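>>> Could you look at this predicted model? Sequence included:
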Amino acid sequence: MDNPPSPAMTVSEVDDRLAAFIKSGIYRFDNANAFFIDPVRVLNRCYTRFRVSPSTYYSRFFPTLNNSSTENPQNAQKISRKRKRRDKEKKKDQALNPREQMADRRHKEVRLALLEVHEALLGANQLLETLRNLRNDGEKNNGGLISQESELDFVELGSVWQAPLYEIVLKVHEDDTSVGNAGVESYSRRMAPVFDNLVANEGNSDIEAELLDHKYILPKQSCFYMSDLRQIHNLVPAESDCGFNVIVIDPPWENSSAHQKLKYQTLPNRYFLSLPIEQLTHSAGALVALWVTNREKLRNFVENELFPKWGVKHAATFYWLKVKADGVLISELDLFHHRPYECLLLGFSQGKLLRLNSIPDNQVFVSVPGDYSRKPPIGELLLEYAPGLKPARCIELFSREMMAGWTSWGNEPLHFQDSRYFLESEL
């Protein structure tokens, strides 16, 4: 059983909360400024004919035949102890420099809140039981890690001279309800340049797309613009009333881990100063959400150079707390260089609207991580703080995944739209 419910919360309400999570993918903790997210359930609300495969999304932190470290908890514990010992030796042998001292102060300020949220998760036994089965949810066969060998390299494709000639074929699904063909599926095909062009699925159903013998799934009412940083100004609207109310940014910060895993290309920090955030902002203003690592040098750059250059005023900080399938943190909370959380800095790019929504600081969202660099889909949770009229116009910069109702820009927004990450829905 879960921990006894508080006087304000009956057993029935606990069950209702879990039922709401099964439907929405979002579980709000009681008396905590926090929630748990199942990215697969959240993403699947963007699709009708297809659904995200849990076994391919959760390619890490679940026991699999291909992952001996998660299969053998002792190995993970040994690695954790080595890291912890190494950090302790560093602190013992060498005093923290000023940047490290500031990073340590930031950690201590949020540490208690993170512990309370983690305790709330460990006390929600019904949720934990559901969490353990996330990878197998709705799948008859639990596949292993997917092969990366045949994936298209969009960065390379976009850099060759033939790039303007590459076209993507949109396969728009239509139901033929004419007499004699009732229920027969039919498709219309539309071709569009895949690079330096806004490609949209304006329908109320997800569609298939084909590019160089690869298939992709585009969520309903979504669009993408695939280009390098030099072409981003093509997304700036002619009128500010057509700008964006929510701007989520996940920059490819320089990171040794990313280089080691060869998952994506990174850029020097100075490149991000050129992002046209003010020009992308709606006339009513925009909520800007920026993913950052825990490096103090980067935080200083954002606070003292990047946000001022963008015209963004910092309003709050959210935290993504990462756990394994059993609810345990992916690393020790106090490991100096391997914190089990990332930060999302929120701020406002002001338009003509003088009054902006207030944002509660230090909100925490918990999830089991997916693939490297893949962030949980928290766009819906940001909408309540978006300035201006609803529905809000939303964009993600440096996107590697698409969402219903959003514009996705980057040099590989189709990365996680590959059909191998999806299953056909059972109608």
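Received, thanks.

>>> Could you pull up the contacting residues of Val366?
Val366 makes contact with 34-37, 117-118, 121, 320-323 under the criterion C-beta atoms under 8 Å, 6 or more residues apart in numbering. For every residue, glycine as well, the C-beta is placed using N, CA and C.

>>> Go again with 6 Å.
For Val366, the contact set (C-beta atoms under 6 Å, 6 or more residues apart in numbering) comprises 36, 121, 321, 323.

>>> which residues in the stretch 1-150 of the chain form helices?
Using DSSP state H, counting those that start in this stretch, the helices of the stretch 1-150 of the chain run over 11-24, 39-44, 54-57, 68-71, 73-93, 98-123, 125-132.

>>> so which of the contacts of Val366 is the most crowded?
Neighbour counts for the contacts of Val366 (other C-beta atoms under 10 Å) peak at Phe36, which has 26 neighbours.

>>> How much space separates that residue from Cys223?
Distance of Phe36 to Cys223, computed by C-beta to C-beta, to the nearest Å: 30 Å.

>>> Stretch 237-249 spans what distance, first to last residue?
For stretch 237-249, the separation between the terminal residues is 18 Å (C-alpha to C-alpha, to the nearest Å).

>>> Tell me which residues of it come out buried.
Buried positions in stretch 237-249, judged by neighbour count with 16 or more other C-beta atoms under 10 Å: 240, 243-249.

>>> again, but for stretch 304-320
Quick answer for stretch 304-320 (16+ other C-beta under 10 Å): 306-307, 310, 312, 315-320.

>>> ok, now stretch 341-359?
Of the residues in stretch 341-359, 341-351, 356, 359 count as buried by neighbour count, 16+ other C-beta under 10 Å.

>>> Quick one: the helices in the stretch 251-400 of the chain, in order.
256-261, 277-280, 296-301, 307-310, 379-382.

>>> Name the surrounding residues that touch the fourth one.
Judged by C-beta under 6 Å, 6+ apart, the contacts made with helix 307-310 from elsewhere in the structure are 273, 277, 347.

>>> and if we set it to 7 Å?
If you take C-beta atoms under 7 Å, 6 or more residues apart in numbering as the criterion, helix 307-310 is touched by 273, 275, 277-278, 314, 347, 349.

>>> Among those residues, which lie within strands?
314, 347, 349 (DSSP state E).

>>> Just name the closest of those to Arg99, please.
His314 (18.9 Å; C-beta to C-beta).

>>> ok, for the closest one, nearest residue in space, not its chain neighbours?
Gly347 (4.5 Å; C-beta to C-beta, 6 or more residues apart in numbering).

>>> What's opposite that neighbour in the beta bridge?
Val288, His314 (DSSP bridges).

>>> Look at the spatially closest residue to His107 that is not a sequence neighbour and say how many residues are nearby.
Using C-beta to C-beta, 6+ apart and skipping the chain neighbours, the partner closest in space to His107 is Arg339 (6.9 Å). Neighbour count for Arg339, taken as other C-beta under 10 Å: 24.

>>> Find the least confident helix or strand in the protein, judged by mean pLDDT.
helix 68-71 (a mean of 42; mean pLDDT, DSSP states H and E).

>>> Out of the buried residues of stretch 304-320, which is nearest to Ala200?
Trp310 (26.5 Å).

>>> Next one: the closest one relative to Arg339, how far apart?
For Trp310, the distance to Arg339 - C-beta to C-beta - is 26 Å.

>>> can you give me the strands for the stretch 101-250 of the chain?
Per DSSP state E, counting those that start in this stretch, the stretch 101-250 of the chain carries strands over the ranges 167-176, 184-193, 198-201, 207-211, 214-218, 222-226, 246-249.

>>> Next, format the ones you listed as a markdown table and append distance to Leu152 and mean pLDDT.
Below are the strands of the stretch 101-250 of the chain laid out as a markdown table (distance: least, C-beta to C-beta, whole Å; pLDDT from 0 to 100):
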| stretch | distance to Leu152 | mean pLDDT |
| --- | --- | --- |
| strand 167-176 | 11 | 80 |
| strand 184-193 | 15 | 82 |
| strand 198-201 | 15 | 96 |
| strand 207-211 | 7 | 95 |
| strand 214-218 | 6 | 96 |
| strand 222-226 | 11 | 96 |
| strand 246-249 | 24 | 97 |
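
>>> can I get those in JSON lines with distance to Ser55?
Putting those into JSON lines (distance: least, C-beta to C-beta, whole Å) gives the following:
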{"stretch": "strand 167-176", "distance to Ser55": "25"}
{"stretch": "strand 184-193", "distance to Ser55": "27"}
{"stretch": "strand 198-201", "distance to Ser55": "25"}
{"stretch": "strand 207-211", "distance to Ser55": "21"}
{"stretch": "strand 214-218", "distance to Ser55": "16"}
{"stretch": "strand 222-226", "distance to Ser55": "24"}
{"stretch": "strand 246-249", "distance to Ser55": "26"}
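
>>> OK, contacts around the nearest residue to Glu210 once chain neighbours are set aside?
Spatially, and ignoring its direct neighbours in sequence, Glu210 is nearest to Val169 (4.4 Å; C-beta to C-beta, 6+ apart). By C-beta under 7 Å, 6+ apart, the contact list for Val169 reads 189, 191, 209-210.

>>> how about those residues in a markdown table, adding distance to Asn294 and neighbour count?
As requested, these are arranged in a markdown table below (distance: C-beta to C-beta, whole Å; neighbours: other C-beta atoms under 10 Å):
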| residue | distance to Asn294 | neighbour count |
| --- | --- | --- |
| Arg189 | 47 | 9 |
| Met191 | 44 | 10 |
| Ala209 | 37 | 22 |
| Glu210 | 40 | 16 |
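
>>> Regarding stretch 272-289, how distant is the last residue from the first?
For stretch 272-289, the first-to-last residue distance is 14 Å (C-alpha to C-alpha).

>>> ok, of the buried residues of stretch 304-320, which one's closest to Lys390?
Among the buried residues of stretch 304-320, and counting by C-beta to C-beta, the member closest to Lys390 is Ala315, at 19.4 Å.

>>> So what's the predicted local confidence for the closest one?
You'll see Ala315 listed with a pLDDT of 93.

>>> hang on, isn't it packed against Asp361?
No - with contact defined as C-beta atoms under 7 Å, Ala315 does not count as touching Asp361 (8.2 Å).

>>> shouldn't Leu43 be in contact with Arg51?
No - contact criterion C-beta under 7 Å: Leu43 and Arg51 do not qualify, at 8.3 Å.

>>> Name the residues of stretch 321-330 that are buried.
Neighbour counts over stretch 321-330 (16+ other C-beta under 10 Å) mark 321-325, 327, 329-330 as buried.

>>> Which pair in the buried residues of stretch 341-359 has the greatest spatial separation?
Tyr341 and Gly351 (31.6 Å).
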